[in-house]
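Novice: My questions are about this predicted structure, shown below with the sequence.
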Number of protein chains: 2
Amino acid sequence: MSNPAGRVGRVVRQNVVVDNDRCSIARALGVVGERWSLLVVRDVVNGVRRFEELREHLGVARNVLSRRLAELVDAGLLDRVAYREFGSRERYEYALTPAGRDLWPVLMTLMAWGDRHLADGPPPVEHEHLGCGGKVALVPVCEHGHDVDPADLGLRLGR
Amino acid sequence: MSNPAGRVGRVVRQNVVVDNDRCSIARALGVVGERWSLLVVRDVVNGVRRFEELREHLGVARNVLSRRLAELVDAGLLDRVAYREFGSRERYEYALTPAGRDLWPVLMTLMAWGDRHLADGPPPVEHEHLGCGGKVALVPVCEHGHDVDPADLGLRLGR
DNA sequence: TAGCTGGGTTGCTGTTGGCAACTTAGCCAG
DNA sequence: CTGGCTAAGTTGCCAACAGCAACCCAGCTA
């Protein structure tokens, strides 16, 4: 590793370079980094759970969706659960697992970035605190309770 | 749109479905959703700025990296800036634009998710508040200052 | 003048994405 | 009990993109 400044435990602002296959970002992207994965998760979060609904809303080819869903089930982000409607045979829909549900902050930050940098109007969707109706954002806070200015954000290598 | 519950202004917990090309998540993924984009941004954030360094650290093919960098410059996430070292000709390195820098929350949430769900040990990197040394996380807070429990997070359609 | 180095481009090949057509399982109507 | 309908796929084919390796190019140094 060509990382002179990145000694263990040292706080640095740059040149914190982790071997790529140990990096959690790289690993996360290995699971949800493919073309439709996060959009599928987004739709399932939003209540679109069935194959045909997903295909129609996403405009994705059936075989691609089929593969993506199988991979997401496989990766433990979705569960394939049976359901049956009146006068129809048993079918399957897709539900989030806890791991899948935990992706909501990723979706939220992506959405915030898109709202900010790619918008052509007001944000089409906002997150809201059901308790009080206020808009919700993700803010960086340190374990001692300080609000953290992004400029004061450092990286520390673990052991 | 097949979205009976999603009337404008109505707060709902699911079936909030936005037309795909107006969705900020879809747009964001259109820019940073391709295979190496976020990893390149991550490396540039971490101080890896030059073509050869990026290529070596990411293990990506030159032509692919070349294309990705051009696209990221094009999309306004990176700037191609000249530099010159003693005894070398002028070369170029890549620096984050404000829009690129604003991706840090996306990287942070991805990292947190990977740390939580794909880890095989302690987190290799942590974010730290340079003021006090405390670990930093992104927490959902509403505009009225309440900490928001993820279970109390709703979606609201904009106009 | 020849060689080195960073930062690419070009050509070839293998994998993935996308479309369209076909399949399958159960329900229902005649 | 035959034929049609629907959701949820599967299969086949083609085009686009990723990956690898080889080559290029501009300026520096020897």
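Specialist: Received, thanks.
Novice: hey, let's count contacts and neighbours off CA atoms from now on
Specialist: Noted.
Novice: Give me every residue in chain A lying close to DNA strand C.
Specialist: Counting by C-alpha under 7 Å from any atom of the strand, the residues of chain A close to DNA strand C are A:34-35, A:59-64, A:86-90.
Novice: isn't residue A:90 right next to residue A:82, touching?
Specialist: Yes: counting by C-alpha atoms under 8 Å, residue A:90 does reach residue A:82; the two are 6.5 Å apart.
Novice: ok so, going back, so can I have a markdown table of the residues of chain A next to DNA strand C showing pLDDT?
Specialist: Below are these laid out as a markdown table (pLDDT from 0 to 100):
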| residue | pLDDT |
| --- | --- |
| A:34 | 87 |
| A:35 | 85 |
| A:59 | 89 |
| A:60 | 91 |
| A:61 | 91 |
| A:62 | 91 |
| A:63 | 91 |
| A:64 | 91 |
| A:86 | 81 |
| A:87 | 81 |
| A:88 | 80 |
| A:89 | 84 |
| A:90 | 87 |
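Novice: Could you pick out the buried ones from these?
Specialist: For those, a burial check counting by 16 or more other C-alpha atoms under 10 Å in any protein chain shown picks out nothing.
Novice: For chain B, tell me which of the residues you listed show up nearby.
Specialist: Among the residues of chain A next to DNA strand C, the residues within reach of chain B (C-alpha under 8 Å from any C-alpha of the partner chain) are A:34-35.
Novice: my guess is residue A:92 is in a strand, correct?
Specialist: Yes: the assignment for residue A:92 (DSSP: H, G, I helix; E, B strand; the rest coil) places it in a strand.
Novice: hang on, it packs against residue A:50?
Specialist: Yes: between residue A:92 and residue A:50 there is a contact under C-alpha under 8 Å: 7.3 Å.
Novice: okay, the two: which has more neighbours?
Specialist: More crowded of residue A:92 and residue A:50, by other C-alpha atoms under 10 Å in any protein chain shown: residue A:50, with 17 against 14.
Novice: wait, that one sits on residue A:95?
Specialist: No: judged on C-alpha under 8 Å, residue A:50 makes no contact with residue A:95 at a distance of 9.3 Å.
Novice: next one: phi and psi at the residue located most distally from the centre of chain A?
Specialist: The outermost residue of chain A relative to its centre, with distances by C-alpha atoms, centre = their mean, is residue A:87 at 36.4 Å. When read as degrees, to the nearest 10, the backbone of residue A:87 gives phi 70, psi 20.
Novice: Residue A:125 now?
Specialist: Reported as degrees, to the nearest 10, the phi and psi values for residue A:125 are phi -140, psi 140.
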